[in-house]
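*Asks:* Below are the sequence and a predicted model for it; my questions follow.
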Amino acid sequence: MYGGVVMPSFLRAAGHDVRWRLLGELAESDRQVHELTARLGQPQNLVSYHLGHLRSAGLVAARRSSADGRDMYYHLELSRCAELLREVGGALHPALLLSPPAPPSLSVRRRVLFLCTGNSSRSQMAEALLRARAGSSVTVRSAGSHPKPVHPDGIRAMAELGIDLSAARSKHLGRFTGQRFDYVISLCDKLREVCPEFPGHPEVVHWSIADPAADPDGYPAFQRVAAELSERVDFLMHTIATRHPREAS
């Protein structure tokens, strides 16, 4: 507390060089601890310590890898960060209370490819969400390493969001391996490990999202994935609108 004013929780959580750098890395892609250790050039015990602080503050969450259950993927809770950052301004002065940003208009066409193993739910849903929100300003495709028919519960979950996925068909990623994309986004931990390289040095991003078809919870798992993808796609649009992907590194 300074001068009777309590420091906002976001500043307490993020106000350290290592934690701020971790937030920046996770804003780009979901990552494992060893990847964060390499990118920050810091020992693993220190990185894990600061990740613990960020998780306690609700800024970062972890999900066990579906490729290797011994590994964890960390991801940034962007909506929570946005909420707390708005509070930071308001805590300093009412005039600085920020409003949520409006969805951006995309003036420069980008090419985005979503990938998962079966191309039956996650990548199809992400493709449909980005196409519905970005329109003709983004060329978006999806594919899988082992395509399966589009899951009916994925179609149903997207229908709840006003998006018709009934005509979608799964595709093998080999159809696109020679094409250039600005963003290649994997949504499956297993697919990430076998993802081929694409020409043109695209921005390679990973969203660690569990396969809803393997969730014993059934249809509600598809609804949760649809909600998470909806949020992630909204934030992706801001990234696409404000910079070329090569500027991210």
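*Replies:* Good, I have the coordinates.
*Asks:* Select the longest helix from the protein.
*Replies:* helix 219-242 (DSSP state H).
*Asks:* which helices and strands sit right next to the least confident helix or strand in the chain by mean pLDDT?
*Replies:* Ranked by mean pLDDT, DSSP states H and E, the weakest helix or strand in the chain is helix 78-92, scoring a mean of 84. Applying 3 or more CB pairs under 8 Å, 6 or more residues apart in numbering; DSSP states H and E, one finds that helix 78-92 contacts helix 9-14, helix 219-242. All C-beta spots, glycine's among them, are computed from the backbone N, C-alpha and C.
*Asks:* can you rerun that using 6 Å?
*Replies:* helix 9-14 (3 or more CB pairs under 6 Å, 6 or more residues apart in numbering; DSSP states H and E).
*Asks:* continuing past the helix it packs on, what's the next helix or strand?
*Replies:* helix 17-28 (DSSP states H and E).
*Asks:* which residues sit against that next one?
*Replies:* The contact list for helix 17-28, computed with CB atoms under 6 Å, 6 or more residues apart in numbering, reads 14, 36, 39, 40, 50, 54, 74, 76, 248.
*Asks:* related to what we said a few turns ago, show me what counts as buried in the least confident helix or strand of the chain.
*Replies:* Using 16 or more other CB atoms under 10 Å as the test for burial, helix 78-92 gives 78, 81, 84, 86, 87, 88, 91.
*Asks:* Show me which pair in these is furthest apart.
*Replies:* Largest separation among the buried residues of helix 78-92 by CB to CB: 78 and 91, giving 20.2 Å.
*Asks:* For the least confident helix or strand of the chain, C-alpha coordinates in PDB please.
*Replies:* Extracted in PDB, the C-alpha atoms of helix 78-92 (Å, rounded to 0.1, in the frame of the first residue of the first chain):
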ATOM      1  CA  LEU A  78      -6.200 -13.200 -21.600                       C
ATOM      2  CA  SER A  79      -9.800 -12.300 -20.400                       C
ATOM      3  CA  ARG A  80      -8.600 -12.200 -16.800                       C
ATOM      4  CA  CYS A  81      -5.600 -10.100 -17.700                       C
ATOM      5  CA  ALA A  82      -7.900  -7.700 -19.700                       C
ATOM      6  CA  GLU A  83     -10.200  -7.400 -16.700                       C
ATOM      7  CA  LEU A  84      -7.400  -6.700 -14.200                       C
ATOM      8  CA  LEU A  85      -5.700  -4.200 -16.500                       C
ATOM      9  CA  ARG A  86      -8.900  -2.200 -16.800                       C
ATOM     10  CA  GLU A  87      -9.000  -2.100 -13.000                       C
ATOM     11  CA  VAL A  88      -5.400  -0.800 -12.900                       C
ATOM     12  CA  GLY A  89      -6.400   2.400 -14.800                       C
ATOM     13  CA  GLY A  90      -9.500   2.900 -12.700                       C
ATOM     14  CA  ALA A  91      -7.500   2.400  -9.500                       C
ATOM     15  CA  LEU A  92      -5.200   5.300 -10.400                       C
END
